[in-house]
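Novice: Here you go, sequence then predicted model.
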Amino acid sequence: MNIKESVYLAFDAVYTHKLRSVLTTLGITIGVMTVIAVVSLITGLNKKIKGELSAIGSNIIYVQKYSWVHTGGDWWKFRGRKNLEIADADAIARLCSEVKEVVPSTYRRTTVKYRDKNREGVQIVGTGPLWQDIEGHFVEYGRFLTNFDVRRRKFVCIIGDEIVENLFEKTDPIGNKIKVAGNKFQVVGILEKKGKIFGSSMDNIVVIPISSFHKIFGKRRSISIMVVPKGEKEKAIDQIRGVLRMRRKVGYGKEDDFSINTQDLLMDMYNKLTGAAFAVMLGVTSLSLIIGGIGIMNIMLVSVTERTREIGIRKAIGARKKDILWQFLIEAMGISSVGGVIGIILGFTVAKVISSFSRIPSTIPIWSVLLGIGFSCGVGLFFGIFPSLKAAKLNPIEALRYE
Amino acid sequence: MVVKKNMNLIEAKDITRTYKIGTVEIHALRSVNLNVRQGEYVSVMGHSGSGKSTLMHILGCLDTPTSGKYRLKGMDVTSLSEERLATIRNREIGFIFQTFNLLSRASVLHNVELPLIYRGLPSKERKRKSISVLENVGLGDRINHHPNQLSGGERQRVAIARAIVINPSLILADEPTGNLDSKTGEEILTLFDEIYREGNTLIVVTHERYVAKRAERIVHIKDGSIR
Ligand SMILES: Nc1ncnc2c1ncn2[C@@H]1O[C@H](COP(=O)(O)OP(=O)(O)OP(=O)(O)O)[C@@H](O)[C@H]1O
Ligand SMILES: [Mg+2]
């Protein structure tokens, strides 16, 4: 018997028992729905996260007091560490041959004023001339910081797009003075618009020389040291650790009392998180696929019994074992792929709904559709084997006599 | 397989069929010998439980004898595999049953096409053959109907169409008029006469004399033995 006939029979059987088929495949629907929803959310998230992570710069090493990745108790450990200072940055620059550039920087949120207007919670960055290269965030008008500014503790600043928008309406900011925590800074440059990274704006920012920062805010806070390696990142990290451990007198065998953060660290954490999501998905999916499969097996057994006489007739007119076997196998796969298709549609709907309520984007990878269909057909095939074999093995005479 | 006229289409020798239920043995057929020539019209007559259907199942390769030898078209089919027997049924045997045994969810045309589907014939040829056979049995205008839209006589004619569409070597009918009134039964028997006249070999199983008498030869069966 040809495949076309079997497929026709399968869909005829599904169509005749619409409700029964749909109910039977509920497990498969849920399984496939979970796969599709999770896969399309995670791939959507992947795209977004990887895009944002790449904004950090894959090659830059951040030497900091706190690690980007930590669990509850760690925080107190980090807090107890000695601050990183300008002198540490200078030592790295002086002693590490694998290091190309060193940029110390420090941050604080405070209020910025221009005439009668003020803006709260502006990110003040104290840093040096190389900051814009490392951050990939460049001046659009005017100029950036110079070594001279840093050395002479100049009260000059470069402001972000949001500051321009909010404090200066029609006036050209360059040359005007704004007040940062009560100190007058002359605007010498405007940064290009950058948008948001991980939900926080990159444009609500005022960049000043690190020396001026320390003059107005004091040195109570630890600085961050951003390092660009010459060649391999790992070699530079080894040297930095050596230099800092020595300067900070960390005993042999003791843990570092500073953190070296890189993009990889975030990537690792992200991969662990999505890995966990995938594991949960795998659990839910395999459980519901098994339940779905058992449902299919059950309904196929019912179907074989109901259609005993039909099987007898088919055998009497020359259907071979394998013809009957395939008829029922394809029917089982047909029923489960109905569940699969419903699952795919629901999965995408769920993903779309979730992404419309949250900021997680969703994409529809073609392979996940194929995976969904493949899964459901596979389950139909596997759990259809037993009932189909039962049908194929029926004795034709007994089957014909079946009432 | 080419068969010469007057050669034995069926040679059944010492056929026995015993059913075992627990320790009880039921002898449905006891050492049956039967030869049927190509183109013959034979009726097998006997009371209920005499073994008619059992014999028909063996002759139709639906069942295998407990002992004895059965040759169909000169070929020993007693020891063939289930697979081969299915193929023989598909190509050589046309069954007609008392209860019609049509697929209720399929159309009349599809029912008639079914053996040709299992034979692997292309769709166009299947349709052409099936429609022409259905026209021959007078159902040319009902091909898209479903069996439950037909009368008993019409259903049996669909079953006959399904049996003859494969050009079988042997047509086996088990109580073909059993579920029909006498007038419709008569129509079916007339159809058999025509099929016989076209040169087909027919074996009709019945317990009714007027049905049996239509055949060229009557074989009486009693308690599993042929007299
Ligand atoms: N599967 C079976 N198991 C046990 N006994 C059986 C089986 N099939 C048939 N028999 C027995 O074999 C004998 C012959 O049965 P068969 O069906 O051939 O009779 P029949 O002549 O066709 O009767 P009827 O005219 O009522 O159809 C009966 O005694 C029956 O009970
Ligand atoms: Mg009988």
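Specialist: Sure thing, it's come through. Ligands and ions are numbered 1, 2, ... in the order given.
Novice: A:A93: how many residues sit nearby?
Specialist: Applying other C-beta atoms under 10 Å in any protein chain shown, we find 17 other residues in the vicinity of A:A93. Backbone N, C-alpha and C define where each C-beta goes, glycine included.
Novice: which bits of chain B sit near ligand 1?
Specialist: Residues of chain B found near ligand 1 (C-beta under 6 Å from any ligand atom) are B:19, B:21, B:26, B:28, B:46, B:48-54, B:207.
Novice: For these, give me a markdown table that also has neighbour count and pLDDT.
Specialist: Putting those into a markdown table (neighbours: other C-beta atoms under 10 Å in any protein chain shown; pLDDT from 0 to 100) gives the following:
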| residue | neighbour count | pLDDT |
| --- | --- | --- |
| B:Y19 | 11 | 95 |
| B:I21 | 7 | 91 |
| B:I26 | 13 | 94 |
| B:A28 | 22 | 95 |
| B:G46 | 22 | 94 |
| B:S48 | 7 | 93 |
| B:G49 | 12 | 93 |
| B:S50 | 22 | 95 |
| B:G51 | 25 | 95 |
| B:K52 | 24 | 96 |
| B:S53 | 22 | 95 |
| B:T54 | 23 | 96 |
| B:H207 | 16 | 93 |
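Novice: Of those, which is the nearest to A:I197?
Specialist: Nearest to A:I197 among the residues of chain B next to ligand 1: B:I21, at 81.9 Å, using C-beta to C-beta.
Novice: ok, now which ones touch that closest one?
Specialist: B:I21 makes contact with no residue under the criterion C-beta atoms under 8 Å, 6 or more residues apart in numbering or on different chains.
Novice: picking that back up, quick one: which two of the residues of chain B next to ligand 1 are the most distant?
Specialist: B:I21 and B:H207 (24.0 Å).
Novice: Could you confirm A:K254 falls within a helix?
Specialist: No: the assignment for A:K254 is coil, going by DSSP: H, G, I helix; E, B strand; the rest coil, so no helix is present there.
Novice: From B:I143, how far off is it?
Specialist: Computed as C-beta to C-beta, to the nearest Å, the A:K254 to B:I143 distance reads 92 Å.
Novice: Who has more neighbours out of the two?
Specialist: Regarding A:K254 and B:I143, a neighbour count based on other C-beta under 10 Å identifies B:I143 as having more, with 20 against 9.
Novice: who are the neighbours in contact with that one?
Specialist: B:S107, B:V108, B:L109, B:S130, B:I131, B:L134.
Novice: The fourth one: how many residues sit nearby?
Specialist: Residue crowding around B:S130 was assessed by other C-beta under 10 Å; the count is 24.
Novice: pretty sure it contacts B:V165?
Specialist: Yes: if you go by C-beta atoms under 8 Å, B:S130 and B:V165 touch, sitting 5.7 Å apart.
Novice: Helices along the stretch 251-400 of chain A, start to end?
Specialist: Remark: helices assigned in the stretch 251-400 of chain A by DSSP state H, counting those that start in this stretch are A:263-306, A:308-316, A:321-357, A:366-393, A:396-401.
Novice: which one of these lies closest to ligand 1?
Specialist: Ranking those by proximity to ligand 1 (C-beta to the nearest ligand atom) places helix A:396-401 first, at 6.7 Å.
Novice: What residues of that closest one count as buried?
Specialist: A:P396, A:I397, A:A399, A:L400 (16 or more other C-beta atoms under 10 Å in any protein chain shown).
Novice: want to throw those residues into TSV with distance to A:F78 and pLDDT?
Specialist: Below are these laid out as TSV (distance: C-beta to C-beta, whole Å; pLDDT from 0 to 100):
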residue	distance to A:F78	pLDDT
A:P396	79	94
A:I397	82	94
A:A399	76	95
A:L400	81	93
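Novice: Next up, the contacts around A:T34.
Specialist: A:M281, A:V284, A:T285, A:S288, A:G347.
Novice: residues touching the residue nearest the centre of chain B, list them.
Specialist: Geometric centre of chain B, nearest residue: B:L172, 1.8 Å, by C-alpha atoms, centre = their mean. Contacts for B:L172 were tallied using C-beta under 8 Å, 6+ apart; they are B:M56, B:L59, B:G60, B:I93, B:G94, B:F95, B:I96, B:I203, B:V205.
Novice: Please tell me how far the fourth one sits from B:Q38.
Specialist: Translated: B:I93. Taken as C-beta to C-beta, the span from B:I93 to B:Q38 is 14 Å.
Novice: And the contacts of stretch A:39-48?
Specialist: Contacts for stretch A:39-48 (C-beta under 8 Å, 6+ apart): A:274, A:277-278, A:281, A:347-348, A:351, A:354-355, A:360-365, A:368, A:371.
Novice: Just the buried subset of these, please.
Specialist: Buried, going by 16+ other C-beta under 10 Å: A:T274, A:M281, A:G347, A:F348, A:A351, A:S355, A:I360, A:S362, A:T363, A:I364, A:S368, A:L371, out of those.
Novice: As a markdown table, the residues you listed with pLDDT and distance to B:R157 would be great.
Specialist: Below are the buried ones among the contacts of stretch A:39-48 laid out as a markdown table (pLDDT from 0 to 100; distance: C-beta to C-beta, whole Å):
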| residue | pLDDT | distance to B:R157 |
| --- | --- | --- |
| A:T274 | 85 | 67 |
| A:M281 | 82 | 58 |
| A:G347 | 91 | 51 |
| A:F348 | 91 | 52 |
| A:A351 | 89 | 57 |
| A:S355 | 87 | 62 |
| A:I360 | 79 | 66 |
| A:S362 | 83 | 60 |
| A:T363 | 83 | 60 |
| A:I364 | 82 | 55 |
| A:S368 | 85 | 53 |
| A:L371 | 86 | 51 |
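Novice: still on that earlier bit, helix or strand next in line after the helix or strand the residue nearest to the centre of chain B falls within, which one?
Specialist: Per DSSP states H and E, B:L172 falls inside strand B:170-174. The helix or strand immediately downstream of strand B:170-174 is helix B:182-197, counting by DSSP H and E.
Novice: Can you name the helix or strand that the single nearest residue of chain B relative to chain A falls in?
Specialist: Chain B approaches chain A most closely through B:N90 (2.4 Å), counting by C-beta to the nearest C-beta. Using DSSP H and E, B:N90 sits within helix B:82-92.
Novice: How about B:R157?
Specialist: helix B:152-164.
Novice: now the angle between helix A:308-316 and that helix, please.
Specialist: 40 degrees (axes from the mean of the first three to the mean of the last three C-alpha atoms, to 10 degrees).
Novice: any idea of the mean pLDDT for helix B:152-164?
Specialist: What helix B:152-164 shows for mean pLDDT is 96.
Novice: got the contact list for residue 133?
Specialist: In the absence of a named chain, chain A is used. Contacts of A:D133 by C-beta under 8 Å, 6+ apart are A:E101, A:V228.
Novice: wrong one, chain B
Specialist: Taking C-beta under 8 Å, 6+ apart as the test, what B:V133 contacts is B:V112, B:A161, B:I164, B:V165.
Novice: Good, wrapping up.
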